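In: Predicted model and sequence below, questions to follow.
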Amino acid sequence: MGEVMSIKGKITKGLGGIYGVKLETGEVVNASCRGVFRKAKITPTIGDDVILSPSGDPDVEYVVDKILPRKSYLIRPAVANVDVLILCFAVKDPEPDLKLLDKMLIICALIKVKPIIVFTKCDLDMSEAERLKAIYSDAGFDCLLSSKDDAVTPDKLFSIVSKDLCFGFAGPSGVGKSTMCNNLLEGDVMKVGVISDRLKRGKHTTRHVELFDFFDGYIMDTPGFTSLSLFELGVEYKQVILGYPEIIRVSEECRFDDCRHISERDCAVIATVGDRISKERYDRYVELEEDLYSKRNDYNGRRKFAL
C-alpha cells in the first residue's frame, strides 16, 4: 500500500463543518475534520495551519489530519495565529468605551499579539481624536487616526509592522471595522453596518470570520462586541498592569517590588499620576485591578486568554 500524501495548508473559512483551506500552491480546497478532533474537544479554527490528506470523497476532497501548533489563539471570535490586532474605536457615534479598549490591550499583551489602535470617525471631533491619540501614544502604543477624508492605508500599517503578517480587527460594532477592511482590500468584501438611532450603538454586520490575502499575509474582519470580562477569561489581578506599559515603566522606581500602585506609601506611580501617567488611564487600571483582586480566590476552571 502506498504512502498517503500529506499536504500543508491554512484554514481561511469554515461553514457547517466544511473548511476552506488554502494550500501552499495558492489553491483553495474543501476539507472536513476527522472525528478524533471532536473526541479531544479540539475544533479547527480560522487561521489554523493544518496538515491534510485526500479523503476519497469527491464532494469534500480532503480531510484535516493535524492542527499545527498555534502561536496565538482568540476564543471570541475563534481565530488562530493572528499577529496584529487592529483595535478600532470611534471617537463618537458610538462613544468610545475606553475601559473596553484597555481590557483588549491587556489581552493582547497576555497572548503576545501586537495591538495597533485606530480611532475612527475623527472628522466628528478631531480635537478629541488627537487627545486620545496622545494619551495612548504616550503610554507606548501605536495609534492611527481615521476619517472620511484620511483613511488608514496599507502604507500607514506597514510603517509600523511588516507585510507578511496576519491582521485581525476587534472592537465594538458600528465603529467602521468592515469599512476599513474593505478599504485596505480595495473591494466591497465585508458588509458595512449602521448605527442604531435608538440604541446609539452599532448593529452586528460581520457574522463570521474569513481570511483574505493581504500583500504577503492575511487580513480578517471579526464580529463586533460591546463587553469583555477579564475575570471570565482568566486574567489575574497582577496581570492587569501588562496593558499599562506607562505604569510598568514608572513602577521600576517604586519602593517595594510587590507594590500594587493603588494605596501604597511612597509609590512612584501614584506620585506621577497626571504627569507621566494619564489620570483617566490610571483610574481604569485601579478599577480593573481592584475588581480582579477582590475575586482572586475564585479562579477555578478559568478559560484560555481570548477576546
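Out: Great, that's in hand.
In: secondary structure class for the residue most central in space within the chain?
Out: By C-alpha atoms, centre = their mean, the chain has its centre lying nearest to Leu85, at 4.2 Å. Secondary structure for Leu85, judged by DSSP: H, G, I helix; E, B strand; the rest coil, is strand.
In: right, and the helix or strand after the strand ranked longest in the chain?
Out: Across the chain, the strand with the greatest residue count (assigned by DSSP state E) is strand 7-15. Once strand 7-15 ends, the next helix or strand along the chain (criterion: DSSP states H and E) is strand 18-23.
In: okay, whichever helix or strand comes after that next one in PDB with CA atoms only?
Out: Using DSSP H and E, the helix or strand that follows strand 18-23 in sequence is strand 28-33. Backbone C-alpha positions of strand 28-33 (Å, rounded to 0.1, in the frame of the first residue of the first chain) are rendered in PDB as follows:
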ATOM      1  CA  VAL A  28      -8.200  26.600  -2.100                       C
ATOM      2  CA  VAL A  29      -9.700  23.200  -1.400                       C
ATOM      3  CA  ASN A  30     -12.500  21.900   0.800                       C
ATOM      4  CA  ALA A  31     -11.700  19.800   3.800                       C
ATOM      5  CA  SER A  32     -13.700  18.000   6.600                       C
ATOM      6  CA  CYS A  33     -12.400  17.200  10.100                       C
END
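In: quick check: angle from strand 28-33 to strand 18-23?
Out: 130 degrees (axes from the mean of the first three to the mean of the last three C-alpha atoms, to 10 degrees).
In: Need phi/psi at Phe169.
Out: phi -120, psi 150 (degrees, to the nearest 10).
In: And for it, the neighbour number?
Out: A total of 27 residues lie near Phe169 under the criterion other C-beta atoms under 10 Å. Glycine gets a C-beta too; all of them are placed from N, C-alpha and C.
In: Same check on Ala134?
Out: So Ala134, with other C-beta under 10 Å, has 12 neighbours.
In: pull the CA atoms of the helix or strand containing it into CSV?
Out: Assessed by DSSP H and E, Ala134 sits inside helix 126-139. Provided in CSV are the C-alpha atoms of helix 126-139 (Å, rounded to 0.1, in the frame of the first residue of the first chain):
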residue,chain,number,x,y,z
MET,A,126,-10.7,65.9,15.6
SER,A,127,-9.6,67.6,18.9
GLU,A,128,-10.9,64.6,20.9
ALA,A,129,-9.2,62.2,18.4
GLU,A,130,-5.9,64.0,18.9
ARG,A,131,-6.3,63.9,22.7
LEU,A,132,-7.0,60.2,22.7
LYS,A,133,-4.1,59.5,20.3
ALA,A,134,-1.7,61.5,22.6
ILE,A,135,-2.8,59.5,25.7
TYR,A,136,-2.2,56.1,24.1
SER,A,137,0.9,57.1,22.1
ASP,A,138,2.5,58.4,25.3
ALA,A,139,1.6,55.2,27.0
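In: so where's the stretch 1-150 of the chain uncertain?
Out: 1-4, 76 (pLDDT under 70).
In: run the last query once more with 80
Out: 1-5, 75-77 (pLDDT under 80).
In: Tell me where this structure has helices.
Out: 35-39, 98-111, 126-139, 154-158, 177-185, 245-251, 268-272, 279-294 (DSSP state H).
In: and of those helices, who's closest to Val64?
Out: helix 35-39 (7.3 Å; C-beta to C-beta).
In: who does that closest one touch, helix- and strand-wise?
Out: On a contact count with 3 or more C-beta pairs under 8 Å, 6 or more residues apart in numbering; DSSP states H and E, helix 35-39 meets no helix or strand.
In: Any idea which of the helices of the chain gets closest to Phe215?
Out: helix 154-158 (6.7 Å).
In: neighbours around Ala271, how many?
Out: Ala271, neighbours per other C-beta under 10 Å, totals 14.
In: swap in Arg70?
Out: Quick note: Arg70 (other C-beta under 10 Å) scores 15 neighbours.
In: Could you tell me how far the residue nearest to the centre of the chain is located from Ile219?
Out: Per C-beta to C-beta, to the nearest Å, Leu85 is found 11 Å from Ile219.
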